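In: task: produce atomic coordinates for the following.
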Amino acid sequence: MYYAKPDGDFFLGDCMPFWHDGIFHLYYLLDEGHHQGLGGLGGHQWAHTTSRDLINWQHHPLALAIDADWEGSICTGSVFFHDGTFHAFYATRKPDWSQHLGHAVSSDGNTFHKTTPNPFAVPPPNYHRNDYRDPFVYQDDQHQFHMLVSSKQLDYALPERGGCLLELTSNDLWEWQVARPLLTPGTHTKGASVPECADLFGWNDWYYLVFGMGLRTHYRIARTQNGPWLHPRIDMLDSQFCAVMKTAPFGDNRRIGVGWAGPRANQDDNGQMRWGGNAVFRELVQLPDGSLGTCFPPELVSHFPTPLTLTITALTAGVTISADSIRLDGQSEFTVVAVDGVTTHNYLRCMITPPSTYGRFGVGIKGDIDFVNTYLLEFDSGVATVMLHNEYLDGVELSQPFILEVVIMDDIIDVCVGGQRCLINRLPALQGQRLFFYSSHGAVQFSDLQAFGYQSPQ
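Out: Numbering: from 1, shown residues only. As a prediction, the model looks like this:
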């Protein structure tokens, strides 16, 4: 499932991971033609795959399918297990583009049966009829059930910024009452104001509220399940190419997030990301102050079992090369080496010791003969940023040695910095199989350099 998509002109959309009785369930929206199904309504249905180890996966028939003319799309939702029954809560988009809530039940978590009335909830007064989706259900310490719904307040003081997570409550999972907007981010970026695909969970004395804004995944943090929800220093978990990540526990004290990376329009490196694509897996990292980071799940690395032999060539002066180490000593000039021996499907790992003074350094990926045509993964310690072509992370600690991990899978380039921050991009234009390591006016050490080839699952 790592970076996987359904066959043909089908793609993986919003993910709904769920953990129960030792099994990691991944429900996701089966997308046709990048949201073009049923005249652009989406035509989405819930696909389903499961794993006990995050390595071997069993694919199941559709968990929730379209079976009525008025169902234009079975949209994102959540699964909740209670008293021996799996409950799926979802939204349905009708042909008039209005959105309504549905409820389905299952005895095994594989095949769900829709309940009546269907829909069981419609947008309440003063909430937009086309924004009432992504129901997420959880239970509080007093055993009351809560549902968070992506919605938009029509009577908000600043109407264009009235997108909210509307809270509903229930005593039995069947009858729901509108309570209050739990969170109104007040964001209006590129036309996006409604927080989507909410996820609320407790983890080691902290509570987290995760949601998407314009497909990017953000979060808030609190000491109690009811808030107040505080904005962490860096509130974004990844780039847009790990879109609307939702999470679920896995085993003891682990939490796995899954999003999706859509291809770029017209296969252009600067093209807009299209809706629906390939799966992206993350492991959440809880930092000492309670804030969150992300890293690669260790199970991902198991798919790259074959060590690759690398050839390192200095392209400038100021370079020292050993078997698995590169030192760039250009204190007042640009220094670079080329690395050959990689392919289009690799896992790379090295330790980077950054310059003692501020500077820029990095790795050129999918390069060709010279250092002109390559994608730069650039670290700037002066402004604490990491840039991969046109996607970036800010607020990254770059003053101490850190481990860099890179996965290359065709046009997908996925990066993990220091086991705490991830960055992913889709870059289809260049097809080179050469790496470059470089430094701009600073001494940098790239040590313990390793590369591994991919083995496709049987």
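In: when you work out contacts or count neighbours from here on, use the C-alpha atoms and nothing else.
Out: OK.
In: which residue ranges of the protein form helices?
Out: For the chain, the helices defined by DSSP state H cover 298-301.
In: which stretches of it have low pLDDT?
Out: Within the chain, the stretches with pLDDT under 70 are 190-191, 457-458.
In: please parse it into its domains.
Out: Following automatic domain parsing, one gets these domains for the chain: 10-301, 306-453.
In: pull stretch 318-329 out as CSV, backbone CA atoms only.
Out: Extracted C-alpha coordinates of stretch 318-329, given in CSV (Å, rounded to 0.1, in the frame of the first residue of the first chain):
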residue,chain,number,x,y,z
GLY,A,318,37.2,20.9,-1.7
VAL,A,319,35.8,17.4,-1.6
THR,A,320,36.9,14.4,0.5
ILE,A,321,35.4,11.0,-0.3
SER,A,322,35.5,7.7,1.6
ALA,A,323,33.5,4.5,1.1
ASP,A,324,30.3,5.9,2.6
SER,A,325,31.1,9.4,3.5
ILE,A,326,31.4,12.8,1.7
ARG,A,327,32.9,15.9,3.1
LEU,A,328,32.4,19.2,1.4
ASP,A,329,34.9,21.8,2.6
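In: what does it contact?
Out: 312, 314, 330, 335-337, 438-439, 442-450 (Cα atoms under 8 Å, 6 or more residues apart in numbering).
In: looking at it, residue 430 is touching residue 365, isn't it?
Out: No - Residue 430 lies out of contact with residue 365 (Cα atoms under 8 Å); the separation is 9.1 Å.
In: touching both of these two, which residues are there?
Out: residue 374.
In: of these two, give the one with the bigger neighbour count.
Out: A side-by-side neighbour count of residue 430 and residue 365, using other Cα atoms under 10 Å, places residue 365 first with 24 against 16.
In: so what's the more buried one bridging to?
Out: Applying DSSP bridges to residue 365 gives these bridge partners: residue 375.
In: can I get the domains of the chain in a markdown table with distance to residue 1?
Out: Formatted as a markdown table, the domains of the chain follow (distance: least, Cα to Cα, whole Å):
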| stretch | distance to residue 1 |
| --- | --- |
| domain 10-301 | 7 |
| domain 306-453 | 13 |
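In: nearest to residue 2, out of the ones you listed?
Out: domain 10-301 (6.1 Å; Cα to Cα).
In: please state the offset of that closest one from the chain centre?
Out: Relative to its chain's centre, domain 10-301 lies at 12 Å (Cα atoms, centre = their mean, to the nearest Å).
In: endpoints of that domain, how far apart?
Out: Terminal residues of domain 10-301 lie 26 Å apart, using Cα to Cα, to the nearest Å.
In: in contact with the residue lying closest to residue 75 once chain neighbours are set aside: list those residues for me.
Out: Distances taken as Cα to Cα, 6 or more residues apart in numbering put residue 91 closest to residue 75, at 5.0 Å, once the chain neighbours are dropped. Residue 91 makes contacts with 74-77, 99-102, 132-135, as judged by Cα under 8 Å, 6+ apart.
In: same deal with residue 85?
Out: 105-108.
In: would you list the buried entries among the residues you listed?
Out: 105-106 (16 or more other Cα atoms under 10 Å).
In: most centrally placed residue in the protein?
Out: residue 242 (3.0 Å; Cα atoms, centre = their mean).
In: pretty sure that residue is touching residue 214, no?
Out: No - with contact defined as Cα under 8 Å, residue 242 does not reach residue 214; the gap is 11.7 Å.
In: coming back round to it: can you name the residues bridging to the residue nearest to residue 75?
Out: With DSSP bridges as the rule, residue 91 is bridged to residue 101.
In: check residue 407 too.
Out: For residue 407, the beta-bridge partners under DSSP bridges are residue 347, residue 414.
In: how about the contacts made by it?
Out: For residue 407, the contacting residues are 345-348, 413-415, by Cα under 8 Å, 6+ apart.
In: and if we set it to 6 Å?
Out: The contact partners of residue 407, by Cα atoms under 6 Å, 6 or more residues apart in numbering, come to 346-347, 413-414.
In: which of those tops the neighbour count?
Out: Neighbour-wise, the contacts of residue 407 (other Cα under 10 Å) top out at residue 347, 28 neighbours.
In: residue 14 and residue 265: what is the separation?
Out: 19 Å.
In: tell me which other helices or strands the longest strand belonging to the chain touches.
Out: Assignment by DSSP state E gives strand 127-139 as the longest strand of the chain. On a contact count with 3 or more Cα pairs under 6 Å, 6 or more residues apart in numbering; DSSP states H and E, strand 127-139 meets strand 145-153.
In: can you pull out the strands in the stretch 201-350 of the chain?
Out: Along the stretch 201-350 of the chain, counting by DSSP state E, counting those that start in this stretch, strands occupy 206-213, 216-222, 243-249, 255-261, 278-286, 292-295, 306-307, 311-314, 319-321, 326-328, 334-340, 345-353.
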